[in-house]
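Trainee: no sequence on hand, only this structure:
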């Protein structure tokens with residue numbers, strides 16, 4: 001019997017373990033800069049210069065585009081590790097990583113030949129909710145709109161902004177099936193107004209600002225339909241779609257945050273002075289810590305089980321299924337929910353020490369912000385539950401909705 005043909009799904013030129021070593025080298029500096037990042041409302045220049053050599057915006061792009069073409073589990077580990085040192089640095093890295101992958105997956109050849117040309121190092125940031133309008137003109141569109149939560153915007157080179165398409169009367173256009181047409185537009189960051197408005201409980205160093213476009217020209221090849229875009233390269237892996245790729249980022253970030261809080265509260269308890277001395281001798285503390293550690297490890301194992309299954313599907317030359325995306329959502333939600341519980345446990349256990357500036361306080365605030373992100377909304381988990389439970393097994397994911405097949 002002939003051996004099966006090996007499917008070349010992943011890159012061979014970048015060893016992600018080398019990237020992990022680099023993160024370990026810069027990690028202490030990332031952590032040392034965390035307070036300054038938060039005060040400045042975005043990553044400081046010093047922090048971003050540490051991250052740039054990692055080229056996180058290219059880790060999932062094809063090697064033919066200058067990317068590393070890593071496995072999703074490798075991307076998860078990279079984001080987990082950066083986040084362990086700095087939640088803000090991890091967040092910006094995951095935004096650039098995920099949106100970079102979307103650009104590499106769904107933009108036409110003529111666009112990626114420019115944006116991923118040799119010698120370029122483009123990074124992408126923006127908002128996937130349709131808060132703008134594209135009006136057709138010769139050679140492209142004119143974009144107007146205002147978006148929020150542009151994490152890492154000032155450190156990106158191109159925007160990524162969802163918008164309706166003007167039907168000629170000022171109203172959103174629909175396709176021949178009656179669905180609203182929503183495109184994702186890309187333009188140089190310098191062509192946007194940066195509006196600030198990032199005064200928040202945690203993740204202050206991410207620079208997740210509001211931004212606007214006022215009559216910005218968008219070339220025809222710098223848009224893709226964000227709800228239904230077919231992957232134009234690495235088709236099996238990028239069949240994850242926009243939402244599946246974003247899930248890698250959010251999941252990796254939550255992995256790092258939960259781990260960091262467990263490590264911090266254990267270190268505090270071992271120090272055995274003051275309040276730490278009390279909890280270090282407490283039967284209840286170590287019981288609760290053990291339960292938290294077990295829950296974290298179970299959620300992490302679930303995450304990697306889900307993503308390794310997807311890797312096997314991709315390597316077999318198949319597209320990712322609806323059920324697999326449902327599990328992606330459940331794993332993403334679970335690692336966040338466990339992270340919230342860990343942070344609540346550690347914050348209460350740390351007593352007055354948790355109130356003070358430091359890793360426990362910062363990590364607690366960051367997790368509470370991340371837990372309110374719409375990507376882990378209860379409605380998504382509910383839909384995933386209905387799919388896994390067999391109630392909605394005839395549906396398909398479109399963005400964050402599990403819709404009936406048409």
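Mentor: Structure's in. What do you need? This structure is a prediction, so every number in the text was calculated from the model and none was measured.

Trainee: quick one: the strands in the stretch 201-350 of the chain, in order.
Mentor: With strands called from DSSP state E, counting those that start in this stretch, the stretch 201-350 of the chain shows them at 209-219, 223-225.

Trainee: reformat those as CSV; add distance to residue 99, mean neighbour count and mean pLDDT.
Mentor: C-beta: built from backbone N, CA, C; applies to glycine. Below are the strands of the stretch 201-350 of the chain laid out as CSV (distance: least, CB to CB, whole Å; neighbours: other CB atoms under 10 Å; pLDDT from 0 to 100):
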stretch, distance to residue 99, mean neighbour count, mean pLDDT
strand 209-219, 14, 18, 98
strand 223-225, 12, 21, 97
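
Trainee: distance to residue 260 added to those, as a markdown table?
Mentor: Shown next, in a markdown table, are the strands of the stretch 201-350 of the chain (distance: least, CB to CB, whole Å):
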| stretch | distance to residue 260 |
| --- | --- |
| strand 209-219 | 25 |
| strand 223-225 | 35 |
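
Trainee: the stretch 51-200 of the chain: helices as residue ranges?
Mentor: Using DSSP state H, counting those that start in this stretch, the helices of the stretch 51-200 of the chain run over 72-85, 87-106, 109-115.

Trainee: still on that earlier bit, out of the strands of the stretch 201-350 of the chain, nearest to residue 371?
Mentor: Smallest distance to residue 371 across those (CB to CB): 20.9 Å, for strand 209-219.

Trainee: pull the residues that contact that closest one.
Mentor: With contact meaning CB atoms under 8 Å, 6 or more residues apart in numbering, strand 209-219 is reached by 41-42, 111, 126, 132, 134, 137, 139-150, 153-154, 159, 161, 185-187, 191-198.

Trainee: which of the strands of the stretch 201-350 of the chain sits closest to residue 343?
Mentor: So among these, strand 209-219 is nearest, using CB to CB, at 25.2 Å.

Trainee: sorry, back to before: and among the helices of the stretch 51-200 of the chain, the most buried is which?
Mentor: For these, the largest average neighbour count (mean count of other CB atoms under 10 Å) is found in helix 87-106, namely a mean of 28.

Trainee: what is the burial count for the nearest residue to residue 209 once chain neighbours are set aside?
Mentor: Closest residue to residue 209 apart from its sequence neighbours, by CB to CB, 6 or more residues apart in numbering: residue 198 at 5.0 Å. Per other CB atoms under 10 Å, the neighbour tally for residue 198 reads 20.

Trainee: so what's the gap between the helix or strand bottoming out on mean pLDDT in the chain and the chain middle?
Mentor: Ranked by mean pLDDT, DSSP states H and E, the helix or strand of the chain with the weakest confidence is helix 275-280, at a mean of 78. For helix 275-280, the gap between its own C-alpha mean and the chain's C-alpha mean amounts to 36 Å (CA atoms, centre = their mean, to the nearest Å).

Trainee: next one: stretch 338-348
Mentor: Taking CA atoms, centre = their mean, one finds the center of stretch 338-348 at 22 Å from the center of the full chain.

Trainee: quick one: contacts of it?
Mentor: With CB under 8 Å, 6+ apart, stretch 338-348 has contacts from 254, 257-258, 261-262, 264-265, 288-289, 292, 295-296, 298-299, 354, 360, 363-364, 367-368, 370-371.
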